[in-house]
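**Q** what follows is a protein structure lacking sequence information:
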């Protein structure tokens, strides 16, 4: 059942349109300059680039500035000032090449921009045939699209964060300012009202399909799965009504007050392309959303249950998981309460990236790469379980300077890309 969590990736979006402009000194021979940069502009055009003269750029900052020659430092600064470039969603991306003093001009211009508190990066191409360099260009463009996408996102917070999330309840205003998404606060009563209005068989078709796809019998009966399906139907209606891109739910109230869990509903929402998190944890919802918008990947939030730094051992567990991330599953009860429906999914061994966003100002990021070595079925833990190996220093950091009690797991190796994006757009 696994698609390895992939939705889309930057490689699939390289032809998305973007605007670029070329700056050059009038002192340079026009014919020689054209010969030097034409191969770069042809490649940009093939990637979806739309050229614009510097003087024609007025309001919207160009995605890329190709620094054709030296002596263009003031032209770069003027473009940034005129378009308001250099913020989180519109960093100044300078494309430099080996000829015509392009790189020295880019270095000087970026140094000034950064000293003025603006964001930017130099993307150096060691010739028009620099395949690795062009990959970095594509990643940078995808990163800008992700930052702009995050700025348009709406995260629904259904109920307050769970009481124990004393380090995972950031100020929504801070999230908006630093990362971009808007937090939409909604009372848990909204869900109860919608559940009361739904027909008894709401979501029955999806419930039946999920029961049929389970590997072996578990504890929940059909009534429990049907109750979870009604929660899914209500949450799906909420997503549509409030135009949400992501949702995190104070799910333990459902257990205490209605004897139903949100685990199955959140898994279905994730499979439908809606970022869905548990316990009202906004930090983890943000991590899940970043994996979706930047990497084009579904991801899994879970609790660490074992950290052995010397051996690089890490164990994660949670009672919900997107079905598309696992190769098979059983339906179980929810671990802590023994009621409702939890999911015991089976991850395949392979490379993963782990991340956690945190800090009072959402200005901290923990990243690690590792390998899933085994899936687990142990009693005394949340139902979906994985054992991983990560670098010992990364494991030690979790114990020495934790950012919270949940981590986000993304299939594949993405640490370098996430770190580069973080440094440019958030830090």
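**A** That came through fine. Note that this is a predicted model, so its numbers are computed, not measured.

**Q** from here on, just use CA atoms for contacts and neighbour counts.
**A** Will do.

**Q** show me the residue sitting in the middle of this protein in space.
**A** The centroid of the chain falls nearest to residue 290 when counting by CA atoms, centre = their mean (1.4 Å).

**Q** this protein - how does it break down into domains?
**A** Listed domain ranges for the chain are 10-150, 152-425 (source: automatic domain parsing).

**Q** mean pLDDT added to the ones you listed, as CSV?
**A** Converted to CSV, the domains of the chain look like this (pLDDT from 0 to 100):
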stretch, mean pLDDT
domain 10-150, 91
domain 152-425, 92
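
**Q** hang on, the earlier thing: which ones are touching the residue nearest to the centre of the chain?
**A** Applying CA atoms under 8 Å, 6 or more residues apart in numbering to residue 290 gives the contacts 146, 150.

**Q** quick check: which element contains it?
**A** Here residue 290, judged by DSSP states H and E, is contained in helix 282-290.

**Q** quick one: distance of that helix to the chain centre.
**A** Relative to its chain's centre, helix 282-290 lies at 7 Å (CA atoms, centre = their mean, to the nearest Å).

**Q** next: stretch 308-328.
**A** So, by CA atoms, centre = their mean, the centroid of stretch 308-328 is 18 Å from its chain's centroid.

**Q** show the end-to-end separation of that stretch, please.
**A** End-to-end distance of stretch 308-328: 28 Å, with CA to CA, to the nearest Å as the criterion.

**Q** give me phi/psi at residue 266?
**A** Phi and psi for residue 266, reported as degrees, to the nearest 10, are phi -70, psi -40.

**Q** residues of stretch 162-178 that come out buried?
**A** Under the neighbour-count criterion of 16 or more other CA atoms under 10 Å, stretch 162-178 has 162, 165, 168-170, 172, 174-176, 178 buried.

**Q** out of the residues you listed, which comes closest to residue 144?
**A** Using CA to CA, residue 178 is the member of the buried residues of stretch 162-178 that lies nearest residue 144, at 14.7 Å.

**Q** for the closest one, what are its contacts?
**A** Neighbouring residues of residue 178 by CA under 8 Å, 6+ apart: 88, 361-363, 426.

**Q** buried only: go through these for me.
**A** Buried members of the contacts of residue 178, counted by 16+ other CA under 10 Å: 88, 362, 426.

**Q** turn these into TSV, columns for distance to residue 182.
**A** Listed next are the buried ones among the contacts of residue 178 as TSV, based on distance: CA to CA, whole Å:
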residue	distance to residue 182
88	15
362	14
426	16
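
**Q** and the residues you listed, which is closest to residue 322?
**A** residue 362 (25.5 Å).

**Q** and the closest one, helix, strand or coil?
**A** Of the three states, residue 362 takes coil under DSSP: H, G, I helix; E, B strand; the rest coil.

**Q** which single one of the buried residues of stretch 162-178 is nearest to residue 20?
**A** Checking the buried residues of stretch 162-178 one by one against residue 20 (CA to CA), the nearest turns out to be residue 178, at 26.0 Å.

**Q** against residue 137, how distant is the closest one?
**A** Noted for residue 178: a distance of 24 Å to residue 137, by CA to CA.

**Q** same question, residue 347
**A** Computed as CA to CA, the residue 347 to residue 137 distance reads 33 Å.

**Q** could I get the phi/psi values of the nearest residue to residue 266 once chain neighbours are set aside?
**A** Leaving out its chain neighbours, the residue that sits closest to residue 266 by CA to CA, 6 or more residues apart in numbering is residue 276, at 5.5 Å. With angles defined as degrees, to the nearest 10, residue 276 sits at phi -130, psi 120.

**Q** same question for residue 407.
**A** Residue 407 adopts backbone torsions of phi -120, psi 160, taken as degrees, to the nearest 10.

**Q** I'd like the numbering to begin with 41 instead of 1 from here.
**A** Noted, 41 is the first residue going forward, which turns the last one into residue 447.

**Q** ok, now how distant is it from residue 400?
**A** Distance from residue 447 to residue 400, counting by CA to CA: 17 Å.

**Q** so between those two, which is more surrounded?
**A** Neighbours were counted for residue 447 and for residue 400 using other CA atoms under 10 Å; residue 447 has more, 24 against 13.

**Q** what sits against that one?
**A** So residue 447 contacts 324, 341-344, 394-396 (CA under 8 Å, 6+ apart).

**Q** farthest pair in the residues you listed?
**A** The most widely separated members of the contacts of residue 447 are 324 and 344, with 13.3 Å between them, by CA to CA.

**Q** more crowded one of the two?
**A** Set residue 324 next to residue 344 and count neighbours by other CA under 10 Å: residue 324 wins out with 28 against 18.

**Q** hmm, that one is touching residue 341, no?
**A** Yes - using CA atoms under 8 Å, residue 324 is in contact with residue 341, at 6.7 Å.
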